[in-house]
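quick check, what structure comes out for this input:
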Amino acid sequence: METSAKQEKIVSIIIPVYNAEKYLGYCLNSIVSQTYKNLEIILVNDGSTDDSLKICDNYAFLDSRVRVINIANRGVSNARNVGLKAATGEYIEFADADDVLNPQMVATLVDKMDTYQSDIIICGFEMVSLDSNQQPRDIIHFNSRILGEECVYTQKLFFEKLSCILWKTSLLECPWNKMFRKDIIENHNLQFPIDKSLGEDFCFNIDYFAYVNKAVILSDELYYYMQINQTALTRKYQANYFEDQLYLVKKFDDMVRKNIKPSKQERIYLAEYMIAKTIQSICHLFDKNCELNSAQ
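Next up, the predicted model:
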């Protein structure tokens, strides 16, 4: 049961929208029907050329909690930054326009944020692959059960275990399975980098982690990442894929080393993570759109 004190806190949910007319309704229905009601739902229409803006405006007409910001297309990072600038909530969440939230997601994260006086809450998620008829074809579960059902980390312990969490759970890279504090983002002028087309969300998270004094990781899978866009960026060939992955690993490692001296086991975890990214990069070279010849 939510207390009135918890209900008084505004949670800003920022959703970048770009040509998402087919799935936007599912996403927004899952957000406006959250059991936690004190929401500020910020839809940033990033120059959509379909009916996405019309759908956003319809939801804003029906629900006073929905705000629509219409901007020229400059990419998802810029759209999220615009949303952050407009947000007035004490807590911040992100969602992608073609994904779905568990009805209890916001209430659960707010409850844990308040209970533990945490700076960040991280939960599990499901990656749901849909077939051509939009029916679930495969579901992959991402959670922290290998670490525990509900893990509370002090600042020191969080940094000491961060490489393990990164490698063992796959929960650190994305922004939409987390609740952030607006004051930390504002006080340190944190933004999503607009000069990166891959890993910009992990960059933002790494910058935020540096200012976390207490973190909570929940095993509950409260976010549903829908694999429905066959032209998604992660499925396109990118010539600088390996360089981008290397940049992210170095940025992560530098952040950790500024706070603690990693143990031998933590260095092993990060090395294993890097090996996995290297294998992905090698596989990426065999994409049909790769312009390198066999010798190269």
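
from residue 79, how far out is residue 292?
Applying C-beta to C-beta, to the nearest Å, the value for residue 292 to residue 79 is 32 Å. For every residue, glycine as well, the C-beta is placed using N, CA and C.

can you pick out the residue with more neighbours from the two?
For residue 292 versus residue 79, neighbours defined as other C-beta atoms under 10 Å are more numerous around residue 79 (27 against 9).

close enough to count as contact, the more buried one and residue 44?
Yes - the pair residue 79 / residue 44 is scored as a contact, 4.2 Å apart, by C-beta atoms under 8 Å.

where do the contact lists of the two overlap?
Here residue 79 and residue 44 have 16, 17, 71 as joint contacts, going by C-beta atoms under 8 Å, 6 or more residues apart in numbering.

filter those residues to the buried ones?
Buried residues within the shared contacts of residue 79 and residue 44, counting neighbours by 16 or more other C-beta atoms under 10 Å: 16, 17.

show me which of the shared contacts of residue 79 and residue 44 is closest to residue 179.
Proximity of the shared contacts of residue 79 and residue 44 to residue 179 (C-beta to C-beta) peaks at residue 16, which lies at 17.7 Å.

leaving out sequence neighbours, find the closest residue to that closest one.
For residue 16, the nearest residue in space outside its immediate sequence neighbours is residue 79; the separation is 3.6 Å by C-beta to C-beta, 6 or more residues apart in numbering.

list the contacts of the one you found.
So residue 79 contacts 16, 17, 18, 44, 46, 71 (C-beta under 8 Å, 6+ apart).

what about the strands in the stretch 101-250 of the chain?
Ranges of strands within the stretch 101-250 of the chain are 120-130, 136-142, 150-154, 178-181, 214-227, based on DSSP state E, counting those that start in this stretch.

for the second one, give the mean pLDDT please.
This means strand 136-142. Strand 136-142 carries an average pLDDT of 86.

just the angle between it and strand 214-227, please?
170 degrees (axes from the mean of the first three to the mean of the last three C-alpha atoms, to 10 degrees).

list the buried residues for the longest helix seen in the chain?
Identified as the longest helix of the chain according to DSSP state H is helix 264-284. Residues of helix 264-284 classed as buried by neighbour count (16+ other C-beta under 10 Å): 266, 269, 270, 273, 274, 277, 281, 284.

residues contacting the fourth one?
Same thing as residue 273. Contact analysis of residue 273 by C-beta under 8 Å, 6+ apart lists 163, 166, 167, 249.

looking at the residues you listed, which has the most residues close by?
Within the contacts of residue 273, residue 163 tops the neighbour count with 24 neighbours, counted by other C-beta under 10 Å.

which residues touch that residue?
Contacts of residue 163 by C-beta under 8 Å, 6+ apart are 252, 256, 262, 266, 267, 269, 270, 273.

next, count neighbours for residue 139.
Residue 139: 12 neighbours (other C-beta under 10 Å).

ditto for residue 45
Residues lying near residue 45 (other C-beta under 10 Å) number 25.

show me what contacts it?
The contact partners of residue 45, taken as C-beta under 8 Å, 6+ apart, are 17, 18, 52, 53, 56, 68, 69, 70, 71.

go on, residue 253?
Counted by C-beta under 8 Å, 6+ apart, residue 253 has contacts residue 270.

from residue 153, how far off is it?
19 Å.

turn the contacts of residue 79 into JSON lines, including secondary structure.
Converted to JSON lines, the contacts of residue 79 look like this (DSSP: H, G, I helix; E, B strand; the rest coil):
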{"residue": "16", "secondary structure": "strand"}
{"residue": "17", "secondary structure": "strand"}
{"residue": "18", "secondary structure": "coil"}
{"residue": "44", "secondary structure": "strand"}
{"residue": "46", "secondary structure": "strand"}
{"residue": "71", "secondary structure": "strand"}
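
so the residue nearest to residue 16 sits in a strand?
No - looking at residue 79 with three-state DSSP, it is helix, so not inside a strand.

ok, back up a step: closest to residue 124 among the contacts of residue 79?
residue 16 (22.5 Å).

does the closest one really touch residue 97, like I thought?
Yes - between residue 16 and residue 97 there is a contact under C-beta under 8 Å: 6.7 Å.

now the contacts of residue 273 as TSV including distance to residue 173?
As requested, the contacts of residue 273 are exported to TSV (distance: C-beta to C-beta, whole Å):
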residue	distance to residue 173
163	13
166	8
167	11
249	11
